[in-house]
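1. Curious how this folds, go ahead:
(2 chains)
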Amino acid sequence: MKVRSLGLVLGLIMGMLTALTVAAPTPAQAGTSISCWSRSQASSYAYTGRYEGYEWGGGWWNDNNGDDTPGCATDGGSGCEGPDCSGFTFKSWALPNSTGSSGYVRWAIGENVHGPYNSTSYRDGCGGACYDVCGGGTGAACGSASYGSTAAMDGFAQSGHVGMIYSEGSNGYDNIIEAINNSAGTGIWQRNYRNQTAYDGIRRRSWCA
Amino acid sequence: MVGFLVGLISLVVTNGAVATPDLDRFDPDIYPAIDVSHNPPVIARADENVRLAFTFACGFALPNQQRCLPSATLFTAYGDSQFTPVALAEENHDSLRVLAATVPAADASGQPLRYYLDVTEATTSVQGRHPAVGAIEPLVAADLTPVRLGASTAATAESYLHLGWGTAPSQVGVERHVEQATMAPDSFDVAPNGTIALLDHINQRVVVTNPARGSFHTFGAPLKGVGDVAIDADGTITVLDLVGERTGESKARVPQVHRFDAQGKKLGSATVYASRPTGLTASRSVNDLLDNREVQALKADARAATREEQRQSRSRAAYLVKFLDANHARLADTQRNLTFDVTSSETLGAIAYFGRTAQGYVAVFEDTSLRVVWFDAKGTVIKDVLAPNQQASTFNPNGRVAVDQQGNVYILGSTDTGIEVSRVAAR
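-> The predicted structure follows:
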């Protein structure tokens, strides 16, 4: 009985301590190296970003369904909640914070880390950590014939934006999960990136289950 | 909140028991704790088998519990029969976990399939149902009218409206920043008399203009972001704000729908209880791509419908579409019980629009071009053309196509200097 009570107290103390650290961003750290990261895990991870904010250059959010810092006029400050599009993709894909590495690092959602890639880097292959899944190269749209080539948590990137496929809609458009901008925040939207020549289809290298 | 969740998980660890995580931030109609992705068959032939596949995202599983392995039971019924469970097979698609089953679209007597999914995550006892209310009911037809498309020709499109970027009354807003998706107007509608209503969410207003009559006015609209707009014959305008607001009832940001009279006076507003709202329908309800049903958030008198009223209002949309592959689509007019099987040797693409016109039907498909096809109720093709697909902002692929009473198709595009509405004549 004493052991159970002690566990109860410890659990509550741990919860309180964690609440203090997650409500605000934690400094950029090394993350936790893990052995594997699947599309399904990436999908669950990205889903926590739905309804959160957006900050250019940002990398943390707290999964309370809102932008806690909507007044952040200057983007990129560590006190501003919300990822940007490339930081959101980086953390959802569990990429290591070194260009070209396709290992697996689990990042806490409250950890303020953006990763080494901007949207153009994704389009151009993440230094080897991702690749053009449609095969047409820059300037060629994936097109509607590419549905068989792509899967959930692949992405579409252009110079200026990147988003990930959450699911395919029955009308043929993709439901994209992405960090948009300060007004729209982060969410799931019906998009036609697949048909735009500016976007390349991209895939993280080495998904594993 | 997350800290409290960790505390609870710590309790589990220290006490060896299983605890249900805090689910306060979730909402079964809008933001379910276990989000099910499922691409329903929508339109099926009675003698077909349909594959039902489901994937899952667990919003509650982070940060400590990295695995989310829900079990699920599919329940199917035909016609008014009782639901019975159907086993789902687990598949691994390059590390994407999929649960799937293949079932007949109709039973031996032709009664159509209905189904729903019960989901449980065993380690946390979190449960859910997809859809949250009712069942998914594909439209099942004994026969589909074939629409066979040959080669399309280039469209002759006339410029109908151009508005430059800016904040002046005669301009529309655009936002272009590094590492952000471009935001610009991407939804509009055309009234029977040719009047255009354009949603300018950057400048927080609706533009109402009739180029042929030389009329132009704007009015302010409380928009948090992108959405959809519809204009009726009497000038009444309905606006769907897809970004929405946080409400007291739900912790998530919830889409809002607003109605205005022709002068821009607000008549009413409502919260939309839908998980995948995509746009306004012909009846001014909100289309939910989750189960291809429409939800009436605003009543005819512009009063808000409650959550329960909205749940009860869910009904099959007047027009259904189903993308099968780049060359094959299905379309249905549910009010006239007509279904079409459209095939083409040239690319069709995603379905940006389908509706009835004075001549029959018009469908707009999007690949790298927009393909506009008019056909009659017998499936005979009247006209088949390709129009340019020029667009800077892409939030609402369905919202940038509108059709007037004569069947003329209007397409909203954007350039470096502003938005451009072009018109492709039906004849």
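2. Number of residues surrounding residue 95?
-> Defaulting to chain A. Neighbour count of residue A:95, defined by other CB atoms under 10 Å in any protein chain shown: 27. Bear in mind the C-beta positions are built from the backbone N, C-alpha and C, glycine included.
3. actually it's chain B I care about, not the one you picked
-> Neighbours of residue B:95 (other CB under 10 Å): 20.
4. got it, and residue B:183?
-> 23.
5. before we move on, what about residue B:112?
-> 18.
6. Which strand residues bridge it?
-> residue B:106 (DSSP bridges).
7. Hmm, residue B:136 and it touching each other?
-> No - Residue B:112 lies out of contact with residue B:136 (CB atoms under 8 Å); the separation is 11.0 Å.
8. and residue B:90, bridged to which residues?
-> Under the criterion used (DSSP bridges), residue B:90 bridges to residue B:99.
9. My guess is it contacts residue B:72. True?
-> No - taking contacts as CB under 8 Å, residue B:90 lies outside contact range of residue B:72: 9.8 Å.
10. what residues do the two have in common as contacts?
-> Common neighbours of residue B:90 and residue B:72, using CB atoms under 8 Å, 6 or more residues apart in numbering or on different chains, are residue B:99.
11. Pick out whichever of these two has more residues nearby.
-> Taking neighbours as other CB under 10 Å, residue B:90 and residue B:72 compare with residue B:72 leading, 18 against 11.
12. Chain neighbours aside, what residue packs nearest to that one?
-> residue B:119 (4.7 Å; CB to CB, 6 or more residues apart in numbering or on different chains).
13. Which is the succeeding secondary structure element to the helix or strand that neighbour falls within?
-> For residue B:119, the enclosing helix or strand under DSSP states H and E is strand B:113-121. Later in the chain than strand B:113-121, the nearest helix or strand by DSSP H and E is strand B:126-130.
14. Wondering if the helix or strand just after that following strand reaches chain A at all.
-> Later in the chain than strand B:126-130, the nearest helix or strand by DSSP H and E is strand B:139-141. No - shown here: strand B:139-141 not in contact with chain A (CB under 8 Å from any CB of the partner chain), separated by at least 11.7 Å.
15. who does strand B:139-141 pair up with?
-> strand B:43-45 (parallel).
16. before we move on, the earlier item: quick check: angle from the strand holding residue B:119 to strand B:126-130?
-> Taking axes from the mean of the first three to the mean of the last three CA atoms, to 10 degrees, one finds that strand B:113-121 is oriented at 160 degrees with respect to strand B:126-130.
17. What's the local residue count around residue B:159?
-> When neighbours are defined as other CB under 10 Å, residue B:159 has 10 of them.
18. Number of residues surrounding the residue lying closest to it once chain neighbours are set aside?
-> Leaving aside its sequence neighbours, residue B:159 sits nearest to residue B:422 (CB to CB, 6+ apart; 5.7 Å). By the measure other CB under 10 Å, the count of residues near residue B:422 is 21.
19. go on, residue B:327?
-> With other CB under 10 Å as criterion, residue B:327 counts 16.
20. if we can go back for a sec, now do the same contact list for the residue nearest to residue B:72.
-> B:34, B:36, B:56, B:70, B:71, B:72, B:127, B:128, B:129, B:130 are the contacts of residue B:119 under CB under 8 Å, 6+ apart.
21. residues in the stretch 301-427 of chain B within reach of chain A, list them.
-> Proximity of the stretch 301-427 of chain B to chain A, by CB under 8 Å from any CB, involves residues B:321-323, B:325-327, B:329, B:347-351, B:366-368, B:389, B:391, B:394-398.
22. let's see 10 Å
-> B:320-327, B:329-330, B:347-354, B:365-370, B:389, B:391-392, B:394-400 (CB under 10 Å from any CB of the partner chain).
23. which among those residues end up buried?
-> B:320-324, B:326-327, B:329-330, B:347-354, B:365-370, B:389, B:391-392, B:394-400 (16 or more other CB atoms under 10 Å in any protein chain shown).
24. need the helices for the stretch 201-350 of chain B, in chain order.
-> Taking DSSP state H, counting those that start in this stretch, the helices of the stretch 201-350 of chain B run over residues B:307-313.
25. what about the strands in it?
-> Assigned by DSSP state E, counting those that start in this stretch, the stretch 201-350 of chain B shows strands spanning B:205-210, B:215-220, B:227-231, B:237-246, B:253-260, B:266-271, B:277-280, B:286-288, B:293-295, B:315-316, B:319-325, B:328-333, B:338-344, B:350-356.
26. what's the burial count for residue B:59?
-> Residue B:59: 25 neighbours (other CB under 10 Å).
27. nope, residue B:79 is what I was after
-> Residue B:79 has 12 nearby residues by other CB under 10 Å.
28. Work out for me the element residue A:120 sits within.
-> Short version, using DSSP H and E: residue A:120 is in helix A:119-123.
29. And that helix, what does it pack against?
-> helix A:85-92, strand A:130-132, strand A:155-158, strand A:161-168, strand A:200-204 (3 or more CB pairs under 10 Å, 6 or more residues apart in numbering or on different chains; DSSP states H and E).
30. how about CSV for the ones you listed, with distance to chain B added?
-> Shown next, in CSV, are the helices and strands packed on helix A:119-123 (distance: least, CB to the nearest CB, whole Å):
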stretch, distance to chain B
helix A:85-92, 6
strand A:130-132, 14
strand A:155-158, 9
strand A:161-168, 4
strand A:200-204, 9
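31. Great, nothing more from me.
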